[in-house]
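Visitor: What shape does this take:
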Amino acid sequence: MANKKVTFEAAVLRLEEIVKKLESGDADLSESLKLYEEGIALTRSCTALLEKAEQSVKMLQAQPDGTVTLVDFQKTED
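Guide: Coordinates of the predicted model:
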């Protein structure tokens, strides 16, 4: 699954399955390593999808003259 293009939602669901399987302790070492590697690949994919989405987010901004313009969303640092 990690080698194919998947939606963000599908990747998150698969990550949840992987975490449950790893937490259950039912997987042997070899399977656990494969699941871990798949989880890392899915996490990277999700991060890339989120960064791409963040770059395309726009917001409406009210201007002093009462008009509204569409501007790039500026991420604030927490």
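
Visitor: Residue nearest the middle of this structure, spatially speaking?
Guide: Central residue of the chain (Cα atoms, centre = their mean): C46, 2.8 Å from the mean position.

Visitor: Can you point out the buried residues in the helix or strand encompassing A10?
Guide: Element membership for A10 (DSSP states H and E) is helix 8-24. Buried residues in helix 8-24, counting neighbours by 16 or more other Cβ atoms under 10 Å, are found at A11, R14, L15, I18. Placement of C-beta: from N, CA and C, glycine included.

Visitor: Scan the helices and strands of this structure for the one with the lowest mean pLDDT.
Guide: Least confident helix or strand, the chain: strand 58-62 with a mean of 76, by mean pLDDT, DSSP states H and E.

Visitor: Not counting its own residues, what contacts that strand?
Guide: With Cβ atoms under 8 Å, 6 or more residues apart in numbering as the test, strand 58-62 has contacts from V68, T69, L70, V71, D72, F73.

Visitor: want to throw the residues you listed into JSON lines with secondary structure and distance to Q55?
Guide: Below are the contacts of strand 58-62 laid out as JSON lines (DSSP: H, G, I helix; E, B strand; the rest coil; distance: Cβ to Cβ, whole Å):
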{"residue": "V68", "secondary structure": "strand", "distance to Q55": "22"}
{"residue": "T69", "secondary structure": "strand", "distance to Q55": "19"}
{"residue": "L70", "secondary structure": "strand", "distance to Q55": "15"}
{"residue": "V71", "secondary structure": "strand", "distance to Q55": "14"}
{"residue": "D72", "secondary structure": "strand", "distance to Q55": "8"}
{"residue": "F73", "secondary structure": "coil", "distance to Q55": "9"}
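
Visitor: pLDDT at A53, what is it?
Guide: Note on A53: pLDDT of 81.

Visitor: Tell me where this structure is predicted with low confidence.
Guide: 1-4, 74-78 (pLDDT under 70).

Visitor: got the contact list for E31?
Guide: So E31 contacts nothing (Cβ under 8 Å, 6+ apart).

Visitor: Out of the contacts of strand 58-62, which is nearest to S32?
Guide: F73 (39.2 Å; Cβ to Cβ).

Visitor: For this structure, identify the residue most remote from the centre.
Guide: Relative to the chain centroid, the chain (Cα atoms, centre = their mean) has D65 farthest, 38.4 Å.
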